[in-house]
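Visitor: sequence isn't available, so here's the structure alone:
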């Protein structure tokens, strides 16, 4: 049976985040992942702690954090603390980070695959209670150990590029496929499975995208397609008719906020990346996705909208028969 996860960008009042997570837990969601978007959101570990204290069964953690804004040792320590506080409900979500997170901090995605591989290794060794001496290409640790290690924290890796997806299959407990163009999902799943076959790893798959059943649902996701479209591979942008000039226009407008840039994002660019239609049509699309790709999880991102509680409950009902 597929599980249902919630993905929240914690850029509003923390009390509202807590309220929404509790609605989700009561609606059958089993995991809460919180965006780590640097200066654009509250601190991901502070909010994760608040969520852990306000829930009783949900897994909780960043979805996703990156290897660049924090030292991997600090990331390992934060997860171990969250695991102890929550009674073992911490879950790690790693990825290379995007333009919304990194641009404001003047950071670049330098050697993302190497950085993620070293992040995974460092976290697992520290969580195992080892004293770590590590001279990597992107990170170093010298006689490092955690004061209170916590074993067996699951790691989910998110990405779009083939090298990151292959790494996820090779090393991660799960791989999150996020807002992929409808024509590229099967190929991405194959890359993950091939990476898992190389190492003999058993890897779970999560697919994450918005479910658009109303005009309000569409308008909620549009601002968050700005950076996703700009970060999409060139061949995908070409497929939807998005030129370099379109990318430059959106990136420039993003300086005034995501909503200012959203007016340059057309419906035709959004719809191939989301599940859309009536409730019946969306349920059918979800069932087909889950069965075709043997998904173990679907993750729903929730953005700023007029009634997020209703949205979370509506989507929860789609899974009542899955």
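Guide: Received the coordinates, thanks. Owing to the predicted nature of the structure, the values given are computational and were not obtained by experimental measurement.

Visitor: for the rest of this, base every contact and every neighbour count on C-alpha atoms.
Guide: Noted.

Visitor: do a quick rundown of the helices in the stretch 101-250 of the chain.
Guide: 112-127, 162-171, 185-199, 215-221, 225-231, 234-239, 244-253 (DSSP state H, counting those that start in this stretch).

Visitor: just the ones you listed: most buried one?
Guide: Mean neighbour count (mean count of other C-alpha atoms under 10 Å) peaks for helix 162-171 among the helices of the stretch 101-250 of the chain, with a mean of 24.

Visitor: who's in contact with that helix?
Guide: Under the criterion C-alpha atoms under 8 Å, 6 or more residues apart in numbering, residues 112-113, 117, 120, 156-159, 174-175, 188, 191-203 lie in contact with helix 162-171.

Visitor: nearest to residue 73, out of the helices of the stretch 101-250 of the chain?
Guide: helix 112-127 (6.9 Å; C-alpha to C-alpha).

Visitor: I'd like to know which elements the closest one is packed against.
Guide: Helix 112-127 sits against helix 72-86, strand 132-135, helix 162-171, with contacts defined as 3 or more C-alpha pairs under 8 Å, 6 or more residues apart in numbering; DSSP states H and E.

Visitor: from residue 126, how far off is the spatially closest residue to residue 72 that is not a sequence neighbour?
Guide: Excluding its sequence neighbours, the residue lying closest to residue 72 (C-alpha to C-alpha, 6 or more residues apart in numbering) is residue 119, at 5.5 Å. Going from residue 119 to residue 126 by C-alpha to C-alpha, to the nearest Å gives 11 Å.

Visitor: next one: residue 301
Guide: According to C-alpha to C-alpha, residue 301 stands 30 Å off from residue 126.

Visitor: can I get the helices and strands packed on helix 112-127 in JSON lines with mean pLDDT?
Guide: As requested, those are exported to JSON lines (pLDDT from 0 to 100):
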{"stretch": "helix 72-86", "mean pLDDT": "98"}
{"stretch": "strand 132-135", "mean pLDDT": "97"}
{"stretch": "helix 162-171", "mean pLDDT": "97"}
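
Visitor: how about the nearest residue to residue 97, chain neighbours excluded?
Guide: Nearest residue to residue 97, sequence neighbours excluded (C-alpha to C-alpha, 6+ apart): residue 66, at 5.2 Å.

Visitor: what's around that neighbour, how many residues?
Guide: By the criterion of other C-alpha atoms under 10 Å, residue 66 has 29 neighbours.

Visitor: is it correct that it is in contact with residue 96?
Guide: Yes. With contacts counted by C-alpha atoms under 8 Å, residue 66 reaches residue 96, the gap being 5.3 Å.

Visitor: now do the shared contacts for those two.
Guide: residue 116.

Visitor: circling back: a markdown table for the helices of the stretch 101-250 of the chain, including distance to residue 39?
Guide: What follows is the helices of the stretch 101-250 of the chain, written out as a markdown table (distance: least, C-alpha to C-alpha, whole Å):
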| stretch | distance to residue 39 |
| --- | --- |
| helix 112-127 | 21 |
| helix 162-171 | 25 |
| helix 185-199 | 30 |
| helix 215-221 | 20 |
| helix 225-231 | 15 |
| helix 234-239 | 27 |
| helix 244-253 | 17 |
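
Visitor: quick one, which of the ones you listed gets closest to residue 6.
Guide: Closest to residue 6 of the helices of the stretch 101-250 of the chain, according to C-alpha to C-alpha: helix 215-221, at 14.8 Å.

Visitor: contacts for the closest one?
Guide: With C-alpha under 8 Å, 6+ apart, helix 215-221 has contacts from 210, 211, 212, 303, 304, 305, 306.
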